[in-house]
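Asker: Show me the folded form of this:
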Amino acid sequence: MPSDRKVAARAGAILEIDLRAVAANWRRLQRELAPGARMAAVVKADAYGLGVARIGPILARAGCGLFFVATLDEGVALRKVLPKAAIAVLDGALAGSETVFARARLIPVLNDLGQVVRWSKAHPRKPAILHLDTGMARLGLSRTEVDRLAADPALLARVDLAAIMSHLACADEPRHPKNPEQLARFRAALARLPKAPASLASSSGIFLGPAYHFEIVRPGAALFGINPLPGQPNPMQPTVALKAKILQVRDVDAGETVGYGATHRMERPSRIATVAVGYADGWLRSASNRGSAAIAGRRVPVVGRISMDLLTLDVTGIEAGQAKPGAYVDLLDDSYGVDDAADAAGTIGYEMLTLLGRRYARIYRGAR
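Answerer: Below is the predicted model:
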């Protein structure tokens with residue numbers, strides 16, 4: 001394995017991932033926010049882009065025994081890393097996949113009656129999670145399907161219900177009327193179905209309070225430092241830092257333009273630094289002429305369009321010794337996180353984090 005120093009020397013950009021912070025976020029949610037519930041971990045999309053092969057074992061050592069992924073392939077990959085954990089697949093058991101589920105000891109999240117019937121026939125008495133749609137109109141059994149299950153107990157008689165779950169549509173808006181509406185619908189459905197551990201809250205839902213916790217909570221984004229309380233101070237520790245090298249610095253006269261499309265025209269003689277990150281690295285083009293970076297703790301604006309491999313910064317006010325080829329700019333740090341970068345790009349922290357590209361040199365901190 002190359003040393004961190006060698007990685008830094010050859011890399012155009014470095015993504016540092018703090019494993020200790022991920023574990024600390026999981027423990028805080030468990031001990032302070034939902035001490036009465038079982039704390040799972042949602043690690044879909046390769047642990048939100050941070051690398052499930054490194055994140056999964058850290059969370060398991062922190063005490064997590066139940067993991068959620070999105071797809072069957074994600075579940076198979078995680079099983080190789082966590083041979084003893086319970087792993088649930090949110091997309092469910094699609095037709096023809098039941099044998100793979102059983103072989104990899106994965107728990108399907110059953111999203112419709114067809115999946116319930118197929119699973120009960122293919123693998124009777126094997127654990128599964130029942131997903132109810134209480135107001136998202138996405139995956140999950142509809143009201144009509146819940147009515148059929150309640151009217152015909154035989155449909156679930158051969159299924160080992162590991163849990164019954166639903167998903168909140170507006171949990172990041174604590175006062176939204178949809179939250180109590182879904183809570184009431186979930187409780188009403190639970191009362192008509194066989195007894196099983198219930199799960200409603202993911203990251204933001206945990207902060208709605210104990211009424212939403214039930215027996216299992218499913219944090220995902222909050223584990224990785226995304227703010228579960230938009231508009232309020234972030235209660236979670238940041239888990240990523242991103243820095244990129246300056247490739248070139250040049251003087252630009254007043255009136256000259258920068259980048260594709262000539263979307264930025266200099267109003268004064270300036271210095272422009274070109275940095276080795278672009279939209280192929282997940283630094284979104286929509287942040288062109290809007291985002292910023294930091295050099296020696298001072299914010300500098302993105303000027304011109306972000307291109308596939310490069311972005312340009314106005315470093316006019318930065319000392320030449322600090323803004324020079326080979327020096328680093330901070331794109332993500334403790335004071336400017338993924339939510340801030342997402343806001344500049346007109347999106348959300350979830351998208352920003354999962355898009356961080358594979359071209360970064362990755363350095364994991366706090367593995368022990």
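Asker: Have a look at this structure and report its longest helix.
Answerer: Counting by DSSP state H, the longest helix found in the chain is helix 178-190.
Asker: So which elements touch that one?
Answerer: strand 198-202 (3 or more CB pairs under 8 Å, 6 or more residues apart in numbering; DSSP states H and E). For glycine as for every other residue, the C-beta is placed from the backbone atoms N, C-alpha and C.
Asker: pull the CA atoms of the strand it packs on into CSV?
Answerer: Below are the C-alpha coordinates for strand 198-202, written out as CSV (Å, rounded to 0.1, in the frame of the first residue of the first chain):
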residue,chain,number,x,y,z
ALA,A,198,-41.7,-1.8,13.3
SER,A,199,-39.5,0.8,11.5
LEU,A,200,-40.5,4.2,10.2
ALA,A,201,-37.7,6.7,10.8
SER,A,202,-34.6,7.2,8.8
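Asker: where does Asn230 land in three-state SS?
Answerer: Not Asn; residue 230 is Pro. coil (DSSP: H, G, I helix; E, B strand; the rest coil).
Asker: Quick one: residues contacting the closest residue in space to Val43 that isn't next to it in sequence.
Answerer: For Val43, the nearest residue in space outside its immediate sequence neighbours is Val52; the separation is 5.0 Å by CB to CB, 6 or more residues apart in numbering. With contacts taken as CB atoms under 8 Å, 6 or more residues apart in numbering, Val52 has the following neighbours: 43, 46, 69, 74, 77-78, 81.
Asker: now, which of those residues lie within helices?
Answerer: Among those, the ones falling in helices (DSSP H) are 46, 74, 77-78, 81.
Asker: now the strands: where do they sit in the stretch 251-368 of the chain?
Answerer: Counting by DSSP state E, counting those that start in this stretch, the stretch 251-368 of the chain has these strands, from start to end: 257-258, 264-265, 270-275, 292-295, 298-301, 311-314, 328-332, 361-365.
Asker: Regarding stretch 196-205, how distant is the last residue from the first?
Answerer: In stretch 196-205, first residue to last residue: 20 Å (CA to CA, to the nearest Å).
Asker: now that stretch: mean pLDDT?
Answerer: Averaged over stretch 196-205, pLDDT sits at 98.
Asker: contacts for it?
Answerer: Applying CB under 8 Å, 6+ apart, the set of residues contacting stretch 196-205 from outside is 34, 38, 40, 42, 129-130, 161-168, 171-172, 182-183, 186, 190, 208, 212-223, 226, 228-229.
Asker: about what we covered before: can you pull the pLDDT of the residue nearest to Val43?
Answerer: Among the per-residue scores, Val52 holds a pLDDT of 98.
Asker: backbone phi and psi for it, please?
Answerer: Val52 has phi and psi values of phi -70, psi -30 when expressed as degrees, to the nearest 10.
Asker: same question, the one 5 residues further on
Answerer: Per-residue torsions, Pro57: phi -60, psi -30 (degrees, to the nearest 10).
Asker: any idea which helix or strand carries the closest residue in space to His176 that isn't next to it in sequence?
Answerer: Computed as CB to CB, 6+ apart, the closest residue to His176 that is not its neighbour in sequence is Cys170, at 3.9 Å. For Cys170, there is no helix or strand it lies in under DSSP states H and E.
Asker: Surely Gly304 touches Val258?
Answerer: Yes. Judged on CB atoms under 8 Å, Gly304 makes contact with Val258 at a distance of 3.5 Å.
Asker: Between those two, which contacts overlap?
Answerer: Among the neighbours of Gly304, those also in contact with Val258 (CB under 8 Å, 6+ apart) are 264, 312.
Asker: Okay, buried residues for stretch 354-362 please.
Answerer: In terms of neighbour count (16 or more other CB atoms under 10 Å), stretch 354-362 has its buried residues at 354-356, 359-362.
Asker: count of neighbours near Glu98?
Answerer: When counting by other CB atoms under 10 Å, one arrives at 18 neighbours for Glu98.
Asker: Repeat that for the one 4 residues further on.
Answerer: Each residue near Ala102 was counted by other CB under 10 Å, and the total is 15.
Asker: What sits closest to it if chain neighbours are left out?
Answerer: Leaving aside its chain neighbours, Ala102 sits nearest to His123 (5.3 Å; criterion: CB to CB, 6+ apart).
Asker: from memory the one you found sits against Glu98, does it?
Answerer: Yes. Using CB under 8 Å, His123 is in contact with Glu98, at 6.2 Å.
Asker: State the mean pLDDT of stretch 114-131.
Answerer: Rounded to a whole number, the mean pLDDT of stretch 114-131 is 94.
Asker: Equivalent analysis for stretch 260-278, please.
Answerer: Here stretch 260-278 scores 97 as its mean pLDDT.
Asker: Compute the first-to-last residue distance for it.
Answerer: Start and end residues of stretch 260-278 are separated by 13 Å (CA to CA).
Asker: Check which element follows the worst-scoring helix or strand of the chain on mean pLDDT along the chain.
Answerer: Least confident helix or strand of the chain, by mean pLDDT, DSSP states H and E, is helix 4-10 with a mean of 71. Remark: after helix 4-10, the chain's next helix or strand is strand 13-18, criterion DSSP H and E.
Asker: Show me the residue at the heart of the protein, geometrically.
Answerer: For the chain, the residue sitting closest to the mean C-alpha position, by CA atoms, centre = their mean, is Tyr48 at 3.7 Å.
Asker: so how far is Val42 from it?
Answerer: If you measure Tyr48 against Val42 using CB to CB, to the nearest Å, the figure is 8 Å.
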